[in-house]
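> test case, fold it:
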Amino acid sequence: MNFKKGVQIMGISPVMSAIIPLIDSVYLEVAGKYATCTSCRDGKHKGLPHYLGYAFDLRTRGDNDTEQWGDGVKITIANRLRDRLPVDFDVVPERTHIHLEFDPRV
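Prediction:
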């Protein structure tokens, strides 16, 4: 996984670290490249998962603004992540990225 410059990764939870290879395998299958995390413990977010190291925002376009993947690619990535991750993970396609967070069902 690539991390956008400035993304704070110190303190991400072990459960999030453990799923990085799975995320990359889905991105490689669908988009032909490794995932890029655009936000983890940094930025402004609703709720605590990002700040506690339990969420990633994942890029859904190329490495520059001119390479757009389209909604079909974003939805395919999100669906495959949902299918392959345990039920304790939420995968939410948003307008500019995919939000992925660990949200244990107690």
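
> ok, now which ones touch the residue most central in space within the chain?
What sits nearest the mean C-alpha location of the chain, by CA atoms, centre = their mean, is Leu58, with 3.5 Å. Contacts of Leu58 were listed using CB atoms under 8 Å, 6 or more residues apart in numbering, and they are 23, 27, 35-38, 77, 97-100. In short, each C-beta sits where N, CA and C put it, glycine included.

> tally up the residues packed near Thr76, please.
17 (other CB atoms under 10 Å).

> just the element for it, please.
helix 71-84 (DSSP states H and E).

> tell me which other helices or strands that helix touches.
Helices and strands touching helix 71-84, by 3 or more CB pairs under 8 Å, 6 or more residues apart in numbering; DSSP states H and E, are helix 20-31, strand 89-93, strand 97-102.

> winner for burial among these?
Ranked by mean neighbour count, these are led by strand 97-102 with a mean of 21 (mean count of other CB atoms under 10 Å).

> for that one, packing partners?
strand 55-59, helix 71-84, strand 89-93.

> which parts of stretch 10-18 are buried?
Using 16 or more other CB atoms under 10 Å as the test for burial, stretch 10-18 gives 12, 16.

> pull the CA atoms of it into PDB?
Output of stretch 10-18 as PDB, limited to C-alpha atoms (Å, rounded to 0.1, in the frame of the first residue of the first chain):
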ATOM      1  CA  MET A  10       2.000   5.800  13.300                       C
ATOM      2  CA  GLY A  11      -0.400   4.200  15.700                       C
ATOM      3  CA  ILE A  12      -2.600   2.400  13.200                       C
ATOM      4  CA  SER A  13      -4.200  -0.700  14.800                       C
ATOM      5  CA  PRO A  14      -2.700  -4.100  14.200                       C
ATOM      6  CA  VAL A  15      -6.000  -5.200  12.700                       C
ATOM      7  CA  MET A  16      -5.800  -2.500  10.000                       C
ATOM      8  CA  SER A  17      -2.100  -3.400   9.400                       C
ATOM      9  CA  ALA A  18      -3.100  -7.000   8.900                       C
END
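
> quick one: distance of that stretch to the chain centre.
Counting by CA atoms, centre = their mean, to the nearest Å, stretch 10-18 is centred 13 Å from the centre of its parent chain.
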